[in-house]
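# Please find the sequence and the predicted model below.
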Amino acid sequence: MSSTLKRVISLIVVIGLSVVLLTGCTGTRADKETDGKSSPSTSSIGKTEDQNFNPEGLPIVNEPVTLQVLTTRWGSMGDSFTQNQWLIDLERKTNVKIEWQVHSLNDWSEKKSILLAGGELPEVVIGMQTFDDTDIMINKEYFLDLTNLIDQYMPNLKEAMQTIPEFKTIVTFPDGKIYSLPKNLPARPMTCNQPIINKKWLDNLGLEEPTTVDELYYVLKKFEDKDANGNGNPDDEYPICGAKGLNMDLLNPFGITDLYGNKMMVMDDGSLAYYPITENYKEGLKWLRKLYSEGIIDPESFTQDATMQDSKRKNPSASLVGFDYAWTPDALFGQWSDEYIALAPIKGPDGKQYAAGDKNGISSIMRNEAEITKFCKHPEVAARWLDQFYDGEASIQNFWGAIGTVITKNSDGTYVLNNPPEGISADAWYWDQSLRDFGPKYVSPDFQKKIKLSPSSGDGLKLEVSKLGDPFITTPYPNVMYTMEESDQLSTLRTDIDKYIETTRAEWITKGGIDEGWDAYIKQLNEMELDQLIKIYTDAYTRYQQIK
């Protein structure tokens with residue numbers, strides 16, 4: 001019998017089995033909404049008899065197979081990352097060709113809704129910003145349970161899960177299944193955003209670096225009153241400049257360190273606090289009101305968008321912004337980046353320092369970095385392709401850029417990052433050259449030792465400046481998993497509660513009146529069922545602690 005005839009017979013058998021399995025199942029929404037296009041059932045995923053597929057080794061397939069892969073990017077980043085040499089080489093080595101679909105996160109929310117409502121997705125999805133827990137749980141019929149695929153075809157990921165047990169815990173959904181894949185980022189700092197100040201302005205005015213909120217107020221007031229940037233105009237400085245509101249890191253000195261934006265904080269004793277109803281929050285807003293009323297905060301901070309804010313940060317004729325919180329000093333201010341330095345956490349009224357961070361590394365271990373949908377024609381091929389990402393050398397090339405472009409591999413087996421092109425920040429270069437934060441990754445503890453970063457730029461600089469805040473980081477509310485019911489309730493409750501909190505905060509900072517309005521504010525939140533919101537956070541946190 002010829003090999004061609006064998007392949008035809010194998011294909012007929014596979015299709016026949018799939019039809020039997022599909023017709024034996026209760027119809028799902030995916031079945032009804034794809035105009036008769038069948039999709040693989042999780043029960044049909046197992047050892048494949050496709051002679052084109054290789055369960056081990058490379059290539060993954062003997063004859064080329066194409067996968068549709070969707071991912072998202074910040075702003076207008078585009079698809080330049082697809083020219084990463086590692087990705088190009090991967091196509092050649094595996095025989096898996098990738099048809100990339102790259103969307104901007106600027107309008108992804110609307111596009112995502114249309115895509116899910118349409119009932120047919122690409123075969124593979126990459127990036128935690130693309131589909132979140134709720135998207136997956138509401139549309140579980142669209143996403144494969146990856147448990148068996150991981151066990152059979154993903155040895156790199158299996159090894160990573162054995163080394164880091166949280167790797168499996170974090171991707172296990174409340175129903176006990178795994179619908180998405182995790183990541184573990186290399187060389188992650190413990191401290192997130194840090195206070196950044198214009199050192200040149202300090203020097204121009206003969207001022208010392210501030211260490212307390214009182215000293216910071218004194219410095220910012222001088223920035224406002226004097227010609228801090230030295231261009232002859234004492235009125236063009238913005239000591240603090242926001243966009244659609246203020247950076248909540250400004251409340252760090254008051255013990256408010258909400259790392260992941262859910263408004264919950266873990267206290268020293270392990271209990272939880274919802275910071276918008278705490279006295280610390282109230283006192284922090286009073287401080288911001290003082291800064292706003294004295295012209296220290298740009299009056300357009302609550303109306304201008306990020307583009308307008310960025311034009312002030314990168315004004316071509318002179319540096320205009322004095323103080324902010326940022327990942328690194330060179331991350332926000334373009335040609336003026338050299339004027340800025342990072343500070344240690346500012347001491348609050350209680351004399352203590354607080355920094356938002358994570359002792360495991362900021363966003364180091366996360367889920368939802370890749371999914372295989374039920375529209376994937378070759379799920380075992382997709383699984384093996386994704387498993388190639390769970391390798392140390394692959395991961396650093398998909399976090400920074402390719403070896404030979406962004407990374408140099410030394411003869412002793414170590415890896416160093418090259419300097420970015422002139423005029424481009426290291427972080428921007430990494431995003432241009434790689435998937436960066438998005439997508440599957442794993443760097444073992446042994447491989448981590450081979451990475452040698454410069455302390456003067458990029459991620460090496462971040463690790464260096466992170467040391468200023470590392471001793472003071474607070475425990476973040478963890479990346480918990482919510483049940484379907486809890487997710488639905490959270491979505492409903494947070495829509496109104498978050499909007500009310502943000503509106504009230506803006507009014508108190510720009511107009512004052514927090515003391516007079518505080519009791520009514522608390523009453524209104526209680527009427528909006530804040531207690532139920534806090535209960536959901538508390539229950540999920542308790543479950544997380546029990547799993548750990």
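Thanks, I have the structure now.

# Using the record's domain definitions, break the chain down for me.
With domains defined by automatic domain parsing, the chain comprises 3-188+364-402, 194-356, 484-547.

# I'd like the average pLDDT over the longest one.
For domain 3-188+364-402, the per-residue pLDDT values average out at 83.

# picking that back up, now the domains of the chain as JSON lines including distance to Pro421 and mean neighbour count?
Just so you know, the C-beta spots here come from the backbone N, C-alpha and C atoms, and that holds for glycine as well. Output for those, formatted as JSON lines (distance: least, CB to CB, whole Å; neighbours: other CB atoms under 10 Å):
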{"stretch": "domain 3-188+364-402", "distance to Pro421": "12", "mean neighbour count": "18"}
{"stretch": "domain 194-356", "distance to Pro421": "14", "mean neighbour count": "18"}
{"stretch": "domain 484-547", "distance to Pro421": "39", "mean neighbour count": "15"}
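
# In CSV, list those domains along with distance to Gln433.
Formatted as CSV, these follow (distance: least, CB to CB, whole Å):
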stretch, distance to Gln433
domain 3-188+364-402, 3
domain 194-356, 17
domain 484-547, 35
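
# start to end distance for stretch 57-64?
Across stretch 57-64, the terminal residues are separated by 15 Å (CA to CA, to the nearest Å).

# What lies in contact with it?
The contact list for stretch 57-64 (CB atoms under 8 Å, 6 or more residues apart in numbering) reads 51-54, 93-97, 378, 381, 384-385.

# Pick out whichever of the residues you listed sits closest to Asp135.
Nearest to Asp135 among those: Trp385, at 22.3 Å, using CB to CB.

# That closest one: what's its closest spatial neighbour, skipping adjacent residues?
Sequence neighbours aside, Val96 is the residue nearest to Trp385 in space, at 4.9 Å (criterion: CB to CB, 6 or more residues apart in numbering).

# again, but for Thr504
Tyr521 (5.8 Å).

# do Lys97 as well
In space, Lys97 is closest to Thr66, 4.5 Å off (CB to CB, 6+ apart).

# Can I take it that that neighbour is in a helix?
No. Going by DSSP: H, G, I helix; E, B strand; the rest coil, the assignment for Thr66 is strand, not a helix.

# so it touches Thr94, yeah?
No. Contact criterion CB atoms under 8 Å: Thr66 and Thr94 do not qualify, at 11.7 Å.

# mind checking how far whichever helix or strand Ile509 is part of is from the chain centre?
For Ile509, the element it lies in under DSSP states H and E is helix 484-511. With CA atoms, centre = their mean, to the nearest Å as the basis, helix 484-511 stands 21 Å off its chain's centre.

# Now do the helix or strand following it: everything it contacts.
Once the chain leaves helix 484-511, the next helix or strand it forms, by DSSP H and E, is helix 514-527. Helix 514-527 has contacts (CB under 8 Å, 6+ apart) with 276-277, 282, 285-286, 289, 497, 500-501, 504, 508.

# Can I get those in JSON lines including distance to Glu369 and pLDDT?
As requested, those are exported to JSON lines (distance: CB to CB, whole Å; pLDDT from 0 to 100):
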{"residue": "Pro276", "distance to Glu369": "30", "pLDDT": "98"}
{"residue": "Ile277", "distance to Glu369": "34", "pLDDT": "98"}
{"residue": "Lys282", "distance to Glu369": "38", "pLDDT": "98"}
{"residue": "Leu285", "distance to Glu369": "36", "pLDDT": "98"}
{"residue": "Lys286", "distance to Glu369": "41", "pLDDT": "98"}
{"residue": "Arg289", "distance to Glu369": "41", "pLDDT": "98"}
{"residue": "Ile497", "distance to Glu369": "29", "pLDDT": "98"}
{"residue": "Tyr500", "distance to Glu369": "33", "pLDDT": "98"}
{"residue": "Ile501", "distance to Glu369": "30", "pLDDT": "98"}
{"residue": "Thr504", "distance to Glu369": "36", "pLDDT": "98"}
{"residue": "Trp508", "distance to Glu369": "39", "pLDDT": "98"}
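
# Run through who's touching the strand or helix carrying Ala117.
Using DSSP H and E, Ala117 falls within helix 108-118. By CB under 8 Å, 6+ apart, the surrounding residues in contact with helix 108-118 are 33, 72, 103, 121, 129-131, 135, 139, 142.

# how about the nearest residue to Ser180 once chain neighbours are set aside, what does it touch?
Nearest residue to Ser180, sequence neighbours excluded (CB to CB, 6+ apart): Asn368, at 4.4 Å. Contact analysis of Asn368 by CB under 8 Å, 6+ apart lists 128, 130-133, 136, 180.

# One more: Gly361?
185, 188-190.

# Contacts for stretch 92-103 next, please.
Contact with stretch 92-103 is made by 58-73, 78-79, 82, 87, 90-91, 111, 122, 381, 384-385, 388, as judged by CB under 8 Å, 6+ apart.

# Now, the residues you listed that are in strands?
65-73 (DSSP state E).

# Among these, which one sits closest to Ser487?
Checking the ones in strands among the contacts of stretch 92-103 against Ser487 with CB to CB, the nearest one is Thr72 at 20.3 Å.

# Break down the stretch 151-300 of the chain into its strands, ranges please.
181-184, 194-198, 238-240, 264-266, 272-274 (DSSP state E, counting those that start in this stretch).

# Please convert the ones you listed to JSON lines, extending it with distance to Thr172.
Listed next are those as JSON lines, based on distance: least, CB to CB, whole Å:
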{"stretch": "strand 181-184", "distance to Thr172": "10"}
{"stretch": "strand 194-198", "distance to Thr172": "33"}
{"stretch": "strand 238-240", "distance to Thr172": "42"}
{"stretch": "strand 264-266", "distance to Thr172": "22"}
{"stretch": "strand 272-274", "distance to Thr172": "22"}
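
# now for those, which one comes closest to Gly351?
When the strands of the stretch 151-300 of the chain are compared (using CB to CB), the closest one is strand 194-198, at 16.7 Å.

# quick one: contacts of that closest one?
Here strand 194-198 has contacts from 209-210, 219, 223, 228-229, 249, 252, 319, 321-327, 329, 332, 336, 339-346, 355, 465-466, 468-469, using CB under 8 Å, 6+ apart.

# Show me these that map onto strands.
Of these, the ones assigned to strands by DSSP E are 321-326, 340-342, 355.

# Which of those residues sits closest to Pro174?
Ranked by distance to Pro174 (CB to CB), those are led by Ala355 at 32.1 Å.

# ok, back up a step: please identify which two of the contacts of Asn368 are farthest apart in space.
Thr130 and Asp133 (12.2 Å).

# and the helix holding Ile509, what other elements does it pack with?
Under the contact criterion of 3 or more CB pairs under 8 Å, 6 or more residues apart in numbering; DSSP states H and E, helix 484-511 touches helix 133-138, helix 279-293, helix 514-527, helix 530-547.

# any chance of those helices in a markdown table, plus distance to Gly270?
Formatted as a markdown table, the helices and strands packed on helix 484-511 follow (distance: least, CB to CB, whole Å):
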| stretch | distance to Gly270 |
| --- | --- |
| helix 133-138 | 24 |
| helix 279-293 | 18 |
| helix 514-527 | 24 |
| helix 530-547 | 8 |
